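In: Need a 3D model of the following:
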Amino acid sequence: MPTVWRRGVHYFEGLKAANIPNELIEKGQSRVIDSSLILIHERAKLKAELLCVSEGVVASASLIGV
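Out: Below you'll find the model as predicted:
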């Protein structure tokens, strides 16, 4: 088992961020940020919709997350 561990450590040392192009890292980070923002926006819309249906509340900008 220790042999497998040492091989794994050496393998991961070769996969440093220096070997990955900066453009690819930036593209991945922007995709994660965009996905997070979309998720937050959709969650806020669902929450506002749920409040409107259950209690008849008029959605404001703070509820929608705009």
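
In: Just give me the neighbour total for R31.
Out: 10 (other Cβ atoms under 10 Å). Where C-beta positions appear, they are placed from N, C-alpha and C, glycine not excepted.

In: name the element it belongs to?
Out: helix 22-55 (DSSP states H and E).

In: Then H10?
Out: With DSSP H and E as the test, H10 turns up in helix 2-13.

In: For I25, give its distance to N19.
Out: 11 Å (Cβ to Cβ, to the nearest Å).

In: quick one: pLDDT of L37?
Out: Reported pLDDT at L37 in the predicted model: 96.

In: Let the chain start at 441 from now.
Out: Okay, residue one is now 441; in that scheme the one you just asked about reads as L477.

In: residues near it, how many?
Out: For L477, using other Cβ under 10 Å, the count is 11.

In: likewise E482?
Out: 11.

In: ok, now how distant is it from S475?
Out: Distance from E482 to S475, by Cβ to Cβ: 10 Å.

In: Any stretches of the protein with poor pLDDT?
Out: Counting by pLDDT under 70, the ranges of the chain that qualify are 441-447, 449, 453-458, 496-506.

In: hmm, try it at 90
Out: 441-462, 464-465, 484-506 (pLDDT under 90).

In: quick revisit: and I465 and N459? Which one has more around it.
Out: I465 (11 against 7).

In: so who does I478 touch?
Out: By Cβ atoms under 8 Å, 6 or more residues apart in numbering, no residues touch I478.

In: got it, and R471?
Out: R471 touches nothing, counting by Cβ under 8 Å, 6+ apart.

In: Quick check: it vs L486, distance?
Out: R471 is 22 Å from L486, by Cβ to Cβ.

In: what does E466 give?
Out: For E466 relative to L486 (Cβ to Cβ), the value is 30 Å.

In: Ok, H450 next?
Out: Taking Cβ to Cβ, one finds H450 at 47 Å from L486.

In: And for G468?
Out: From G468 to L486 the distance is 27 Å (Cβ to Cβ).
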